[in-house]
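> here you go, sequence then predicted model.
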Amino acid sequence: MKPLPRGRGEKDGVEIFVNSPRNDVSVRLIKALSFLVVFTAGAILGFSAATNIHQFMSRGKISLPSPVCIKDNIEDAESLNNYIMPKKLKHNMSDDELFWRASMAPRKSKYPYKRMPKVAFLFLTRRNLPLAPLWERFFRGHEDRFSVYVHSLPGHRLNVTRSSPFFRREIPSQTVAWGSVSLLDAERRLLANALLDFSNERFVLLSESCIPVFNFPTVYQYLTTSMNSFVESYDDPSQRGRGRYHRRMFPTIKLFQWRKGSEWFELNRKLAVDIIADVKYYSVFAKHCRPSCYPDEHYIPTYLNMFHGDMNSNRTITWVDWSRGGPHPAQLGRENITESFIQSIINNGTICTHNSVPTSVCFLFARKFSPSSLGPLLRISPRAMKF
């Protein structure tokens, strides 16, 4: 190896080579010392900075957010149970959005879960339910076989206990005017909200003045085994029937198709879906069936007569007393309530058919009962109504 020339200050007789072992060891030693110095300085600075930040934060100068643990809510959002049986009735859907959502019907006949068919009780009320204690007794012990939905004034809360089947069962509602299409809207709104629960198979419209005249097992068996729905639908040639038909409904709805009936209906799921999915015929009623026409007495009876007459029994299952005459049924108070009176409703002499078999059980509910009737009804219900 060729030696490098000596420079100034070098000792005589000592030759320094580029790759000499001595030079290599010196370089490594310098690098190690440099790394150690830098590491030590960094550790000291880091410790000092951490100490200052801790002291700064402890004086309340800055507040950093706590670590957030994002829980996976996919199971809650997309679970089958949440879809087929909504736990909360409150939502922000408009009527159009609600009816569209509720009109969805599975084409596959077999359910992928164990389905217990339920009866949906739809209460159309002005404010409170004065007869709620009687209904609570009627429902007790059958919680897996019914659902309750209440359409009251917007924002109104029922005054019931947390254990009541009516607790938080108010649906998003709108103001209703008697005799207008808004009453029909409320009925369709109740149906649509109840259809969101796929377990609901039968749908009964009731008012705050309605009572059951049989116990729950009897009512449930009667409805869930029926091959027909129960909607009163008949041709009334008088001014109160055909006289309410508007010629501008033609040709969508013809006079010979026009029907009348009690608004207090009972429907199976298929008919309920068809009614809330209808736009064409509902629009005709909304436009031309104005006050003095009473769309709640004509729309569903006419619609079923036009398209589903074979699925309807053409009778109501809600008894009322028309014996006193006038445009409204008699109101029944405390003085009217006796065991014999309830028995006269149950055994009223009427013969009807259930699945084409003659029967004397024709009415499951009755109206129009005033709040004063509650006490006597509670006293006689164990004997007269068997609940």
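Structure received.
> excluding chain neighbours, give the residue nearest to Trp264 in space.
Leaving aside its sequence neighbours, Trp264 sits nearest to Thr318 (Cβ to Cβ, 6 or more residues apart in numbering; 4.2 Å). For the C-beta atoms, the positions are set from N, CA and C on the backbone; glycine is no exception.
> okay, and the beta partners of the one you found?
In this entry, Thr318 is beta-bridged to Phe365, by DSSP bridges.
> now do it against Phe214, distance only.
12 Å (Cβ to Cβ, to the nearest Å).
> what touches both of the two?
Taking Cβ atoms under 8 Å, 6 or more residues apart in numbering as the contact criterion, the common neighbours of Thr318 and Phe214 are Leu364.
> which one's more surrounded, those two?
With neighbours defined as other Cβ atoms under 10 Å, Thr318 and Phe214 compare such that Thr318 has more, 24 against 19.
> whichever helix or strand Ile275 is part of: which residues count as buried?
Assigned by DSSP states H and E, Ile275 falls within helix 269-277. Within helix 269-277, the residues scored as buried using 16 or more other Cβ atoms under 10 Å are 269, 271-277.
> out of those residues, which one sits closest to Glu232?
Leu271 (14.1 Å; Cβ to Cβ).
> how far away is the closest one from Glu201?
Leu271 is 11 Å from Glu201, where distance means Cβ to Cβ.
> kindly report the same for Leu191.
Counting by Cβ to Cβ, the gap from Leu191 to Glu201 is 13 Å.
> the two: which has the busier surroundings?
The neighbour comparison of Leu191 against Glu201 (other Cβ under 10 Å) goes to Leu191, with 26 against 18.
> isn't the more buried one right next to Arg202, touching?
No - assessed by Cβ atoms under 8 Å, Leu191 is found out of contact with Arg202, at 11.5 Å.
> please enumerate the shared neighbours of these two.
Contact criterion Cβ under 8 Å, 6+ apart; residues shared by Leu191 and Arg202: Leu267.
> please name the nearest non-neighbouring residue to Arg242.
Spatial nearest neighbour of Arg242, chain neighbours left out: Trp258 (6.1 Å); criterion: Cβ to Cβ, 6+ apart.
> how close does the residue lying closest to Glu266 once chain neighbours are set aside sit to Ala286?
In space, not counting the residues next to it along the chain, Glu266 is nearest to Phe230; the distance is 4.0 Å by Cβ to Cβ, 6+ apart. Using Cβ to Cβ, we find Phe230 at a distance of 25 Å from Ala286.
> so between these two, which is more surrounded?
Between Phe230 and Ala286, Phe230 has the larger neighbour count (other Cβ under 10 Å), namely 27 against 16.
> quick one: that one from Pro329, how far?
For Phe230, the distance to Pro329 - Cβ to Cβ - is 18 Å.
> one more: Asn355?
From Asn355 across to Pro329, the span is 28 Å (Cβ to Cβ).
> and those two? Which one has more around it.
Shown here are Asn355 and Pro329; by other Cβ under 10 Å, Pro329 has more neighbours (16 against 10).
> ranges for the helices of the stretch 151-300 of the chain?
Secondary structure of the stretch 151-300 of the chain, counting by DSSP state H, counting those that start in this stretch: helices at 181-195, 216-224, 269-277, 280-288, 299-307.
> flag every buried residue along stretch 168-179.
Across stretch 168-179, burial judged by 16+ other Cβ under 10 Å covers 169-173, 176.
> so which pair among these is furthest apart in space?
Using Cβ to Cβ, the pair of the buried residues of stretch 168-179 lying farthest apart is Arg169 and Val176, separated by 17.5 Å.
> okay, strands next: where are they in the protein?
Counting by DSSP state E, the segments of the chain that form strands are 118-124, 146-151, 200-207, 211-212, 266-268, 318-319, 352-354, 357-359, 365-366.
> does anything pack onto the longest one? Which helices or strands?
Under the contact definition 3 or more Cβ pairs under 8 Å, 6 or more residues apart in numbering; DSSP states H and E, strand 200-207 sits against strand 118-124, helix 181-195, helix 216-224, strand 266-268, helix 269-277.
> mind putting those in CSV, mean pLDDT and distance to Ala105 included?
As requested, those are exported to CSV (pLDDT from 0 to 100; distance: least, Cβ to Cβ, whole Å):
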stretch, mean pLDDT, distance to Ala105
strand 118-124, 98, 16
helix 181-195, 97, 9
helix 216-224, 98, 18
strand 266-268, 98, 12
helix 269-277, 98, 5
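> what's the closest of the ones you listed to Arg334?
Closest approach to Arg334 among the helices and strands packed on strand 200-207 is made by strand 118-124 (22.1 Å; Cβ to Cβ).
> quick one: strands adjacent to the closest one?
Applying DSSP bridges, strand 118-124 is found paired with strand 146-151 (parallel), strand 200-207 (parallel).
> mean pLDDT and distance to Pro376 added to the ones you listed, as TSV?
As requested, the strands paired with strand 118-124 are exported to TSV (pLDDT from 0 to 100; distance: least, Cβ to Cβ, whole Å):
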stretch	mean pLDDT	distance to Pro376
strand 146-151	98	24
strand 200-207	98	19
